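[1] Requesting a structural model of the entry that follows:
(chains A, B, C and D)
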Protein chains: 2
Amino acid sequence: MPEQPPGSRPTLEAVAARAGVSRATASRVVNGGDGVRKPLVDKVLQAVDELGYIPNHAARTLVTRRTGAVAVVIAEPEIRIFSDPFFSQQIRGISKELTAHDTQLVLLLVEGPGDFDRIARYLSGGHVDGALAFSLHTDDPLPAITRRAGIPTVYGGRPSWTADPGDQAVPYVDADNRGGARAAVRYLKDLGRERIAHIGGPPDQTSAMDRLDGYRDVLLDVDPTLVAEGAFTVESGARAMAELLERRPDLDAVFAANDLMASGALRVLRERGVAVPEQVAIVGFDDMDSVAETTDPPLTTVNQDIEGQGRLMARLLLRGLDRDRTGSGPAPDSVITPTTLVRRASA
Amino acid sequence: MPEQPPGSRPTLEAVAARAGVSRATASRVVNGGDGVRKPLVDKVLQAVDELGYIPNHAARTLVTRRTGAVAVVIAEPEIRIFSDPFFSQQIRGISKELTAHDTQLVLLLVEGPGDFDRIARYLSGGHVDGALAFSLHTDDPLPAITRRAGIPTVYGGRPSWTADPGDQAVPYVDADNRGGARAAVRYLKDLGRERIAHIGGPPDQTSAMDRLDGYRDVLLDVDPTLVAEGAFTVESGARAMAELLERRPDLDAVFAANDLMASGALRVLRERGVAVPEQVAIVGFDDMDSVAETTDPPLTTVNQDIEGQGRLMARLLLRGLDRDRTGSGPAPDSVITPTTLVRRASA
DNA sequence: GACAGTCCTGAGAGCGCTTCCAGCGGGGGG
DNA sequence: CCCCCCGCTGGAAGCGCTCTCAGGACTGTC
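    Sure thing, here's the model as predicted:
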């Protein structure tokens, strides 16, 4: 690749001149070469190579009205995002899929509730063709924003309003939270545990609710004293565990709605001298490698393919964009990915 | 904001028409309004508001040759990126700073060694004005790529070649690894520990080397049997600890080059029934909240302001871009950020 | 009251690309 | 042998914006 004096990259015009064709033909070749005779294609390609031609993205976007970029909006105001490998993994999956389709990833971190204006402006600004978003709370302004901006969007995690029968159908990708929770609790039950407690996540997150539902599915009529609410953080898990122990010193198992809370619970149990899993068995959720494998004892938990979810989100979105462009193809539908129980030492 | 039928956003032309001015004047107002009389400014702004006008980014880029976007290149092939909150925090800082300057963040994850071609093509494609990059190994092709593409770049972490007297000076932001390590080891020494071991990071990372140097600064002539090499992961820390215990059962302190390795070491010590900090004191590095506070016992470690480093990187880059544009201002210089020892229970 | 100087404004060129449309040449059917 | 049609190519328009440049309105000065 020839070195370029900054700000003077060769244009299509130059390529065309060198190849002895018109700019139109050069353009056609650069974009796939359909309907151009072989010898001309070769001449143009050679010129491209010799000149080190790279298409000007802005010019192309200007006329095609497609940016080849997708926004990833992360609207998690909590500190949690820092310590949660969850996002990194999803993003890795997203990145892989987008890259494979020559699409760029623009990261939009929402810096607090007042920041949605900026996000709205950006999304409406034609900078991106579509968006991927996470962690929708009930009153999240994002869906309205993307709808108004006409930006196709795929969500990570089931949006809370989708339980409603409304027509607000949006495509999303989510793990089988309910099924995973069922498997976890059933496993504890099969172990012979009789007083299985639950440390739930924040009730405004559907993943937390779905996991709670799965817990209820197995235990049918649940004693409310066996259920405590956490916030998906280590600290909240510890607090919830302490609370549960106070209320129900006789509990013999805990299903925590995520690994971080399970690790907090584990700490409290250890501090109180409660043997895990002998006296209290504990199961987490997520199978975050940095957590589940490093707790003491290692955590039995529910695995979900987080990177795969990211890939899937991107794939769904790209498919939708393609559909918009070609005007045909199946409408993108939501996907629920499977979960599996991973047995380690904590239960 | 009026709802837009997709694909028919108002143009500057429309704004100008509605305001009864020329496109040129409308443009001036949209870009700050310098040299336009107040009444006209108001008329244009009102038209902008009524029409919900948002400038077309591609068109603007096409003529200004500036994209208003910056690439963040993460070339960490290791699995480490998944479980390491380090990046999330840096990115958060970068995002904050870029956002404050109306600049977008394009995330480029390098998907393996063969992927650099794609990165090079992208960086040369005029999609971004500058780049931020991390974790440079000695033979990293990135600096050459950005140089050839004429893309100003700021690095996170001291690049390995900067020890050389070469003219390859690049601006970077790094923590005071050596100073932090010195403080940690000196602290252990002041505690009365006499056989202080070190679990180092991979020797091709300057942060690992600098921390080792800091360790050596305090201990002057170090017994090589007290130094083991890890890979900045929990597992490698555990392995290194086992190795050290075998070689030097008499050691009474460990300085690990990061928190993850410290946590691995902690696990091994616990398994062997070694009391921490009574028999062996241990100090980590990074003060990663998800790790240092949740180990048992909580980790004494060296804190660095990771988010601040991210901010700083972005600021340095933006300043450089501004300088390129205006042709004046001080050349961006590297910055070393301070570190502080955080006392918890492990030492 | 005329003229120079200042301050604003608008016309227009052009950024690099895609794409419509017209035109050209050649092959096959009448 | 002529005409039509098809496949390919080039000319040219135009995407939405910025910015130069020229000219108009106005002020101040002599």
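
[2] Grab the nearest non-local neighbour of A:Ile54.
    Using C-beta to C-beta, 6 or more residues apart in numbering or on different chains and skipping residues adjacent in sequence, the residue nearest A:Ile54 is B:Gly125, 5.0 Å away. (Each C-beta comes from the backbone N, C-alpha and C, glycine too.)

[3] so does the longest helix along chain A get close to DNA strand C?
    Taking DSSP state H as the criterion, chain A has its longest helix at helix A:306-326. No - Helix A:306-326 is not in contact with DNA strand C by C-beta under 7 Å from any atom of the strand; minimum separation 9.8 Å.

[4] anything in stretch A:47-60 near DNA strand C?
    Yes - counting by C-beta under 7 Å from any atom of the strand, DNA strand C has neighbours in stretch A:47-60: A:53, A:55-56, A:59-60.

[5] Quick check, pLDDT for the residue in the stretch 201-347 of chain A positioned nearest to DNA strand C.
    Closest residue of the stretch 201-347 of chain A to DNA strand C, C-beta to the nearest atom of the strand: A:Arg325 (9.8 Å). In this model, A:Arg325 is scored at 71, pLDDT.

[6] What's the separation between A:Ser124 and A:Val106?
    When distance is defined by C-beta to C-beta, to the nearest Å, A:Ser124 is 14 Å away from A:Val106.

[7] cool, A:Gln279 as well?
    Going from A:Gln279 to A:Val106 by C-beta to C-beta gives 50 Å.

[8] How about A:Asp223?
    Noted for A:Asp223: a distance of 48 Å to A:Val106, by C-beta to C-beta.

[9] of those two, who's got more company?
    The residue with more neighbours, out of A:Asp223 and A:Val106, is A:Val106; 19 against 13, by other C-beta atoms under 10 Å in any protein chain shown.

[10] what's across from the more buried one in the sheet?
    Counting by DSSP bridges, A:Val106 forms beta bridges with A:Ala71, B:Val106.

[11] was I right about it contacting B:Ala71?
    No - using C-beta atoms under 8 Å, A:Val106 is not in contact with B:Ala71; the gap is 10.3 Å.

[12] Return every residue with contacts to both of these two.
    In terms of C-beta atoms under 8 Å, 6 or more residues apart in numbering or on different chains, A:Val106 and B:Ala71 are both contacted by the residues B:106-107.

[13] In space, what's closest to A:Phe86 - neighbours in sequence excluded?
    Computed as C-beta to C-beta, 6+ apart, the closest residue to A:Phe86 that is not its neighbour in sequence is A:Ile306, at 6.2 Å.

[14] Who are the contact partners of the one you found?
    Contacts of A:Ile306 by C-beta under 8 Å, 6+ apart are A:86, A:89-90, A:93, A:286.

[15] Can you pick out the most distant pair from those residues?
    Distance extremes for the contacts of A:Ile306: the farthest pair is A:Gly93 and A:Asp286 at 14.8 Å, using C-beta to C-beta.

[16] who's more crowded, the two?
    A:Asp286 (29 against 22).

[17] The more buried one reaches A:Asp305, doesn't it?
    No - using C-beta under 8 Å as the test, A:Asp286 is too far from A:Asp305 to be in contact (11.0 Å).

[18] Just give the closest residue to A:Ala347, not the sequence neighbours.
    Closest to A:Ala347 by C-beta to C-beta, 6+ apart is A:Ala281, at 3.6 Å.

[19] Correct me if wrong: the one you found contacts A:Arg344.
    No - between A:Ala281 and A:Arg344 there is no contact under C-beta under 8 Å: 11.3 Å.

[20] What pLDDT does the model give A:Ala184?
    97.

[21] Likewise for A:Arg23?
    The model reports A:Arg23 with a pLDDT of 92.

[22] which stretches of the stretch 201-347 of chain A aren't confidently modelled?
    For the stretch 201-347 of chain A, the stretches flagged by pLDDT under 70 are A:327-331.

[23] How about the stretch 1-150 of chain A?
    Looking at the stretch 1-150 of chain A by pLDDT under 70, you get A:1-8, A:76-85, A:135-138.

[24] For A:Pro171, the count of nearby residues, please.
    Using other C-beta under 10 Å, A:Pro171 has 18 other residues around it.

[25] I misspoke; the intended subject was A:Ala208.
    By other C-beta under 10 Å, the residues close to A:Ala208 number 21.

[26] who are the neighbours in contact with it?
    Taking C-beta under 8 Å, 6+ apart, we find A:Ala208 in contact with A:200-202, A:232, A:257.

[27] out of those, which is most surrounded?
    With neighbours taken as other C-beta under 10 Å, the top of these is A:Ala257, carrying 33 neighbours.

[28] Count the neighbours of the residue of the stretch 101-250 of chain A found nearest chain B for me.
    Among all residues of the stretch 101-250 of chain A, A:Gly150 sits closest to chain B, at 3.7 Å; criterion: C-beta to the nearest C-beta. Residues within reach of A:Gly150, counting by other C-beta under 10 Å, total 17.

[29] measure A:Val170 to DNA strand C for me?
    Distance of A:Val170 to DNA strand C, given as C-beta to the nearest atom of the strand, to the nearest Å: 29 Å.

[30] ranges for the strands of chain A?
    A:69-74, A:104-109, A:130-134, A:153-156, A:172-175, A:196-200, A:227-229, A:253-256, A:281-283, A:301-304, A:335-337, A:339-342 (DSSP state E).

[31] Tell me the residues of chain A that contact DNA strand D?
    By C-beta under 7 Å from any atom of the strand, the part of chain A that sits against DNA strand D consists of A:20-25, A:28, A:35-37, A:40, A:59, A:62-63.

[32] just those that are near chain B?
    Restricting the residues of chain A next to DNA strand D to those near chain B by C-beta under 8 Å from any C-beta of the partner chain leaves A:59, A:62.

[33] Taking the residues of chain A next to DNA strand D together, which two end up most distant?
    Farthest pair in the residues of chain A next to DNA strand D (C-beta to C-beta) is A:Arg37 and A:Leu62. Separation: 28.8 Å.

[34] So between the two, which is more surrounded?
    A:Leu62 (18 against 9).

[35] thought that one was touching B:Leu62?
    Yes - contact criterion C-beta under 8 Å: A:Leu62 and B:Leu62 qualify, at 5.7 Å.

[36] Including distance to B:Pro159, could the residues of chain A next to DNA strand D go into JSON lines?
    Converted to JSON lines, the residues of chain A next to DNA strand D look like this (distance: C-beta to C-beta, whole Å):
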{"residue": "A:Gly20", "distance to B:Pro159": "45"}
{"residue": "A:Val21", "distance to B:Pro159": "44"}
{"residue": "A:Ser22", "distance to B:Pro159": "46"}
{"residue": "A:Arg23", "distance to B:Pro159": "42"}
{"residue": "A:Ala24", "distance to B:Pro159": "45"}
{"residue": "A:Thr25", "distance to B:Pro159": "44"}
{"residue": "A:Arg28", "distance to B:Pro159": "43"}
{"residue": "A:Gly35", "distance to B:Pro159": "48"}
{"residue": "A:Val36", "distance to B:Pro159": "45"}
{"residue": "A:Arg37", "distance to B:Pro159": "49"}
{"residue": "A:Leu40", "distance to B:Pro159": "45"}
{"residue": "A:Ala59", "distance to B:Pro159": "34"}
{"residue": "A:Leu62", "distance to B:Pro159": "37"}
{"residue": "A:Val63", "distance to B:Pro159": "40"}
